[in-house]
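> show me the folded form of this:
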Amino acid sequence: MDLKQILTWYVEAGVDECIGENTFNRLNEKVKSSIRSISSDTKASPIRTTDTFVQQAIQLANNSKTLSELDEALKNFTGCGLSKTAAHLLSGIGVLNPRVLCLIDAPRATDDKNGSLLQDESGQLLIKMLKAIGLDYTQETYIAPLAPWRTPGDRPLTDTEMEQCLPFLKRRIELLNPNTLILFGSVLSGALLGIKSISKAREKAIDYTSEQMSHSIKAFSTFSPVFLLKNPAQKKKAWEDLKKIQQYLIGL
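Below you'll find the model as predicted:
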């Protein structure tokens with residue numbers, strides 16, 4: 001891919017700004033000098049810290065026997081920085097043992113403000129998408145985010161944040177034991193199926209399983225509502241995905 005293609009891909013994925021982990025004055029020669037002095041074989045301590053937090057998340061999630069225990073474990077988990085910047089922990093809404101479990105990346109600003117998921121325009125679009133294939137999200141589905149906390153500025157999740165939150169989502173899937181998974185966006189298909197390209201993830205349903213599941217679950221991928229609002233031309237493809245899901249559900 002050339003530079004133009006890469007930039008186009010970022011725009012289509014919803015990236016609207018570039019930020020780094022740290023800020024510094026690039027006009028300050030002393031800062032430049034300190035950066036050059038870092039040796040190439042320096043081991044970054046955040047990696048070791050992150051590994052510790054991921055292991056802690058895995059232990060807390062796996063020890064949870066109910067959804068209530070899982071939510072309590074999330075409240076006690078301080079490894080993810082998002083828990084310190086969000087106003088609310090929003091782990092999911094819907095019915096137990098749902099027919100369909102819908103997964104999104106994270107709550108949005110309006111969700112965090114109101115203390116409930118699906119409060120903004122993207123949430124309302126998600127509800128309409130489900131209704132279009134005959135699913136009432138209040139009666140047949142459960143909707144859960146990968147990260148239960150809103151990101152600052154509604155920015156994309158970092159790899160570290162995804163790794164820290166993923167054990168809790170996997171355990172939620174196990175406890176809910178749905179018939180079908182719908183993954184909204186490449187963040188979910190990448191995290192759960194190992195397919196970061198939404199185009200490839202959409203090609204067919206994939207059997208999802210995890211360590212504590214005795215059976216697999218059919219997982220369908222489609223575009224996220226946030227992406228569709230920014231790229232309405234892709235709604236036709238999303239509708240094609242939804243019809244495939246509908247046909248599968250009819251056959252269950």
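> switch to C-alpha atoms for all contacts and neighbour counts from now on
Fine.
> what about the nearest residue to residue 64 once chain neighbours are set aside, which SS state?
Nearest residue to residue 64, sequence neighbours excluded (C-alpha to C-alpha, 6 or more residues apart in numbering): residue 70, at 5.1 Å. Secondary structure, DSSP: H, G, I helix; E, B strand; the rest coil: residue 70 is helix.
> repeat that for the one 5 residues further on.
With three-state DSSP as the basis, residue 75 sits in helix.
> count the neighbours of it for me.
Residues near residue 75, counting by other C-alpha atoms under 10 Å, number 11.
> quick one: residues contacting it.
Applying C-alpha atoms under 8 Å, 6 or more residues apart in numbering, we find residue 75 in contact with residue 89.
> which phi and psi does the spatially most central residue of the chain have?
What sits nearest the mean C-alpha location of the chain, by C-alpha atoms, centre = their mean, is residue 105, with 2.4 Å. Torsion angles at residue 105 (phi, psi; degrees, to the nearest 10) stand at phi -80, psi -50.
> that one contacts residue 146, doesn't it?
Yes - under the criterion of C-alpha atoms under 8 Å, residue 105 makes contact with residue 146 at 4.9 Å.
> find residues that contact each of these two.
residue 188.
> ranges for the helices of this structure?
All helices of the chain, identified by DSSP state H, fall at 3-12, 29-36, 45-62, 67-76, 82-85, 109-114, 121-132, 159-176, 186-188, 198-201, 225-230, 235-251.
> looking at these, which is nearest to residue 216?
Comparison of the helices of the chain against residue 216 by C-alpha to C-alpha identifies helix 159-176 as nearest, at 10.4 Å.
> what's around residue 228, how many residues?
20.
> and what of residue 206?
Quick note: residue 206 (other C-alpha under 10 Å) scores 17 neighbours.
> what do you get for the one 4 residues further on?
When neighbours are defined as other C-alpha under 10 Å, residue 210 has 14 of them.
> then residue 144?
Residue 144: 23 neighbours (other C-alpha under 10 Å).
> ditto for residue 219
So residue 219, with other C-alpha under 10 Å, has 25 neighbours.
> if we can go back for a sec, any chance of JSON lines for the helices of the chain, columns mean pLDDT?
Listed next are those as JSON lines, based on pLDDT from 0 to 100:
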{"stretch": "helix 3-12", "mean pLDDT": "57"}
{"stretch": "helix 29-36", "mean pLDDT": "36"}
{"stretch": "helix 45-62", "mean pLDDT": "76"}
{"stretch": "helix 67-76", "mean pLDDT": "97"}
{"stretch": "helix 82-85", "mean pLDDT": "96"}
{"stretch": "helix 109-114", "mean pLDDT": "97"}
{"stretch": "helix 121-132", "mean pLDDT": "97"}
{"stretch": "helix 159-176", "mean pLDDT": "97"}
{"stretch": "helix 186-188", "mean pLDDT": "97"}
{"stretch": "helix 198-201", "mean pLDDT": "96"}
{"stretch": "helix 225-230", "mean pLDDT": "97"}
{"stretch": "helix 235-251", "mean pLDDT": "96"}
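> point out the most buried one among those helices.
Sort the helices of the chain by mean neighbour count, taking mean count of other C-alpha atoms under 10 Å, and helix 186-188 sits at the top with a mean of 26.
> related to what we said a few turns ago, tell me which of the helices of the chain lies nearest to residue 101.
Of all the helices of the chain, helix 159-176 sits nearest to residue 101, with 7.9 Å by C-alpha to C-alpha.
> pull the CA atoms of the closest one into PDB?
The C-alpha coordinates for helix 159-176 follow below in PDB (Å, rounded to 0.1, in the frame of the first residue of the first chain):
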ATOM      1  CA  ASP A 159      -3.800  -2.600  21.700                       C
ATOM      2  CA  THR A 160      -2.900  -2.500  25.300                       C
ATOM      3  CA  GLU A 161      -6.500  -1.500  26.300                       C
ATOM      4  CA  MET A 162      -7.900  -4.300  24.200                       C
ATOM      5  CA  GLU A 163      -5.500  -6.900  25.700                       C
ATOM      6  CA  GLN A 164      -6.500  -5.800  29.200                       C
ATOM      7  CA  CYS A 165     -10.200  -5.900  28.600                       C
ATOM      8  CA  LEU A 166     -10.500  -9.000  26.400                       C
ATOM      9  CA  PRO A 167     -10.400 -11.600  29.200                       C
ATOM     10  CA  PHE A 168     -13.500 -10.100  30.700                       C
ATOM     11  CA  LEU A 169     -15.300 -10.100  27.300                       C
ATOM     12  CA  LYS A 170     -14.400 -13.700  26.700                       C
ATOM     13  CA  ARG A 171     -15.700 -14.700  30.100                       C
ATOM     14  CA  ARG A 172     -18.900 -12.800  29.400                       C
ATOM     15  CA  ILE A 173     -19.500 -14.700  26.200                       C
ATOM     16  CA  GLU A 174     -18.900 -18.000  28.100                       C
ATOM     17  CA  LEU A 175     -21.400 -17.000  30.900                       C
ATOM     18  CA  LEU A 176     -24.100 -15.700  28.500                       C
END
